[in-house]
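Novice: after the sequence you'll find the predicted model.
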Amino acid sequence: MTAPFGTLPLAPAIEHFTVDSAAGPLTAFRMMPSVEPRGVALLVPGFTGSKEDFRLLLPLIAAHGWEVVSYSQRGQADSAAPVGVEHYRLEDFAEDAVTVAHTVGAGAPVHLVGHSLGGLVARAALLRSPALFTDLTLLCSGPGGRPGSHEADARLISEHGTLGVWALDHPEGTVLTADDEFVRDRLTASSVDNILGGIRILQSTPDSTAQVRATRVPTLVAHGDTDDAWPIAAQRLMAEELGAQYRVIPHAGHLPNLDNPGFTAAMLNDFWASTS
């Protein structure tokens, strides 16, 4: 067991642990099913995120019978953070995802979910080791990088550190919610190299849709009905090109795992039941 990061309330049954990786220890959450076990699911967070992004989803998924794990990627929050942006390539993040999947699945295939940038990581992990994954869910994610995206963010972060962008939306004197304080503290703890590496990935990753489809691993593409990170039309087209199931999550933006966790958990349960 490891100590929790931050002060956000968590379900008491969530286990805190670490997974040894090439980067060092990656912090993780695990929640065991409250009914007959049906399999293992692994959730990969996105850009500037962490395992805590799935804190509301974990108990709901476990209630459907799935053992569910989320982890903070290298350089996020309290996970190991190698020094140097060269340690934050897509292949580094994908290697970590494969390591975590192999560890939590004990070598058996797991259900893989990648949120946003985590979707690009999940794609790359699937292409490295397709036998490790029963299926793939791309949650509010796209087919590849978009040149020029987050360019202004990269300059701000290089000059002012991890809080550079956050401070734009939270000027001095802003009344902060508990979630605001958590995001601030997570950015403070996270690695500048992680964020700059993530921006490079979001700008330059080639579209791997054809390669993912060629694995024949069942895929779900889903996003919130007001998601504004990747164009919704592009996500719908990606689903068609993947031959994937496609779902729109109501009353949700780019973080349906926080905006509408009940619908999201039920959607994942239905998909996993169809592929198990």
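Specialist: Yep, that arrived.
Novice: residue 207: neighbour count?
Specialist: 14 (other CB atoms under 10 Å). Placement of C-beta: from N, CA and C, glycine included.
Novice: same deal with residue 135?
Specialist: Quick note: residue 135 (other CB under 10 Å) scores 23 neighbours.
Novice: can you list the buried residues in the worst-scoring helix or strand of the chain on mean pLDDT?
Specialist: Across the helices and strands of the chain, mean confidence by mean pLDDT, DSSP states H and E is lowest for helix 164-169: a mean of 82. When neighbours are counted by 16 or more other CB atoms under 10 Å, the buried residues of helix 164-169 are found to be 164, 165, 166.
Novice: what's the first helix or strand after that helix?
Specialist: Sequence-wise, the next helix or strand downstream of helix 164-169 (DSSP states H and E) is helix 178-189.
Novice: give me the mean pLDDT for that following helix.
Specialist: Averaging pLDDT along helix 178-189 yields 94.
Novice: show me where this structure has strands.
Specialist: In order along the chain, the chain carries the following strands (DSSP state E): 15-21, 24-31, 39-44, 66-71, 110-115, 133-139, 219-224, 245-249.
Novice: switch those strands over to CSV; also include mean pLDDT and distance to residue 156.
Specialist: Output for those, formatted as CSV (pLDDT from 0 to 100; distance: least, CB to CB, whole Å):
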stretch, mean pLDDT, distance to residue 156
strand 15-21, 97, 29
strand 24-31, 98, 27
strand 39-44, 98, 25
strand 66-71, 98, 27
strand 110-115, 98, 23
strand 133-139, 98, 27
strand 219-224, 98, 26
strand 245-249, 98, 30
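Novice: let's have the ones you listed in TSV, adding distance to residue 260.
Specialist: As requested, these are arranged in TSV below (distance: least, CB to CB, whole Å):
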stretch	distance to residue 260
strand 15-21	25
strand 24-31	19
strand 39-44	16
strand 66-71	17
strand 110-115	14
strand 133-139	12
strand 219-224	7
strand 245-249	6
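Novice: of all those, which one is nearest residue 190?
Specialist: Taking CB to CB as the measure, the strands of the chain were each checked against residue 190, and strand 24-31 came out nearest at 12.1 Å.
Novice: ok now the closest one, how far from the chain's centre?
Specialist: Counting by CA atoms, centre = their mean, to the nearest Å, strand 24-31 is centred 13 Å from the centre of its parent chain.
Novice: between it and strand 66-71, how many degrees?
Specialist: What separates the directions of strand 24-31 and strand 66-71 is an angle of 150 degrees, with axes from the mean of the first three to the mean of the last three CA atoms, to 10 degrees.
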